[in-house]
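> Coordinates only, no sequence provided:
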């Protein structure tokens, strides 16, 4: 049986919106909170700031996941576009298992979305 993790308390910082981030975190630590839920606004994070650090490079597994996601997404978007004007139903009858592949692509995209 796995060990029971003790309960940890967190605080949503909405009530501390007027404090600087460092001051709010110090106050919460002094009060004994183990975690904090943050909603950052432009005072704390400016995505256009010139000194913003660049994103880290993707790991090999992340690159593979992105490649798989791109392929499936392209197929799903193509299928949805064709479904909008019902051409897909006509073409699937002519291609044998075309509908099967289209449904598989949609299901795969749905599973990718659930996994992330």
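Cool, got the structure. Bear in mind the structure is a predicted one, so any value in this text is a computation, not a measurement.
> Tell me how many other residues surround residue 79.
Residue 79 has 20 neighbouring residues, counting by other CB atoms under 10 Å. In this view, the C-beta of every residue, glycine as well, is placed from N, C-alpha and C.
> next helix or strand past the helix or strand of the chain with the lowest mean pLDDT?
Of all helical and strand segments in the chain, the minimum by mean pLDDT, DSSP states H and E falls on helix 87-94, at a mean of 60. Using DSSP states H and E, the helix or strand that follows helix 87-94 in sequence is helix 98-115.
> What helices and strands are in contact with that next one?
helix 60-84, helix 87-94 (3 or more CB pairs under 8 Å, 6 or more residues apart in numbering; DSSP states H and E).
> any chance of the ones you listed in a markdown table, with distance to residue 27 too?
Listed next are those as a markdown table, based on distance: least, CB to CB, whole Å:
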| stretch | distance to residue 27 |
| --- | --- |
| helix 60-84 | 36 |
| helix 87-94 | 58 |
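> which one of those has the lowest average pLDDT?
With a mean of 60, helix 87-94 has the lowest mean pLDDT of the helices and strands packed on helix 98-115.
> Give me the domain ranges for the protein.
Per automatic domain parsing, the domain ranges recorded for the chain read 1-45, 60-115.
> tell me the mean pLDDT for the first one?
Predicted confidence along domain 1-45 averages 71 (mean pLDDT).
> same check, this time on stretch 107-116
Mean pLDDT, stretch 107-116: 81.
> got the buried residues for it?
By neighbour count on 16 or more other CB atoms under 10 Å, the buried set for stretch 107-116 is 108, 109.
> Could you shift the numbering so residue one becomes 43, and keep it that way?
In the new count, where the first residue is 43, that last one comes out as stretch 149-158.
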